[in-house]
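Asks: What follows is a predicted structure for the sequence shown.
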Amino acid sequence: MLERYESGNQPIGRIFESTHFAGIKRKLWTGMMREEEFWQSLKEMYPELSISRAKDILYHSIVPLPADQYLERWSESADIHLLSNHCKEWIEPNLSRLSSFTKSITISNQVGLCKPEIEIYQRVETFLVAGEEVLFIDDQEKNLHSAKLLGWETLLADEEGDWVNEVELLLFRM
């Protein structure tokens, strides 16, 4: 049974999917809102929720990239560049391990831009080898459009994971 809070009787695990979080996500993702401000605003919205409990919920809800287990293998055949709408501070533990398999890592709150703004894709483009084919993968359709405008091939990462097989076929055609 999930804990519930009086504010709308909302399940604790759903706080970071709430309207409140969605309303400030862009500010947070672009660095316009500092992390401390975010926690304070959450505390104001859910006064019965301690900041330490909220942090615990958040950190336990962050899961590794779906492609996490493939990056080492894929990096042997392709240059990997990660682009994420996130707070670097929250995903740092995962990033440090993945950095050895990537050519660049661009985190939205570090550059003041977020997907689907084309400028963040253009920033990533500065790390790419000119003229090389690019495959951009994202789990949100809305984030594919800007990549297409830059001439990148795109692939929607479906929840079932079928996209992994498509990448494997592209990289390791026999």
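Replies: Great, that's in hand. Predicted model only: the values in this text are computed from it and were never measured.

Asks: Please, where are all the strands along this structure?
Replies: Under the criterion DSSP state E, the chain contains strands at 4-5, 10-11, 81-84, 104-107, 135-138, 153-156.

Asks: ok now the last one, how far from the chain's centre?
Replies: Using C-alpha atoms, centre = their mean, to the nearest Å, we find the averaged C-alpha position of strand 153-156 to lie 16 Å away from the chain's own average C-alpha position.

Asks: which regions of the chain sit below the pLDDT cut-off?
Replies: 1-20, 174 (pLDDT under 70).

Asks: again, only this time at 80
Replies: The chain contains residues with pLDDT under 80 at 1-23, 64-65, 174.

Asks: Not counting residues beside it along the chain, what's closest to residue 31?
Replies: Leaving aside its sequence neighbours, residue 31 sits nearest to residue 109 (C-beta to C-beta, 6 or more residues apart in numbering; 4.3 Å). All C-beta atoms are positioned from the backbone trio N, CA, C, and that covers glycine.

Asks: Touching, the one you found and residue 84? I think so.
Replies: No: assessed by C-beta atoms under 8 Å, residue 109 is found out of contact with residue 84, at 9.4 Å.

Asks: With mean neighbour count and distance to residue 29 added, can I get the strands of the chain in a markdown table?
Replies: What follows is those, written out as a markdown table (neighbours: other C-beta atoms under 10 Å; distance: least, C-beta to C-beta, whole Å):
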| stretch | mean neighbour count | distance to residue 29 |
| --- | --- | --- |
| strand 4-5 | 14 | 24 |
| strand 10-11 | 16 | 22 |
| strand 81-84 | 20 | 9 |
| strand 104-107 | 19 | 9 |
| strand 135-138 | 18 | 14 |
| strand 153-156 | 15 | 20 |
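
Asks: Show the contacting residues for the nearest residue to residue 159 once chain neighbours are set aside.
Replies: Closest residue in space to residue 159, ignoring its immediate chain neighbours: residue 139 at 7.8 Å, by C-beta to C-beta, 6+ apart. The contact partners of residue 139, taken as C-beta atoms under 8 Å, 6 or more residues apart in numbering, are 66, 156, 157, 159.
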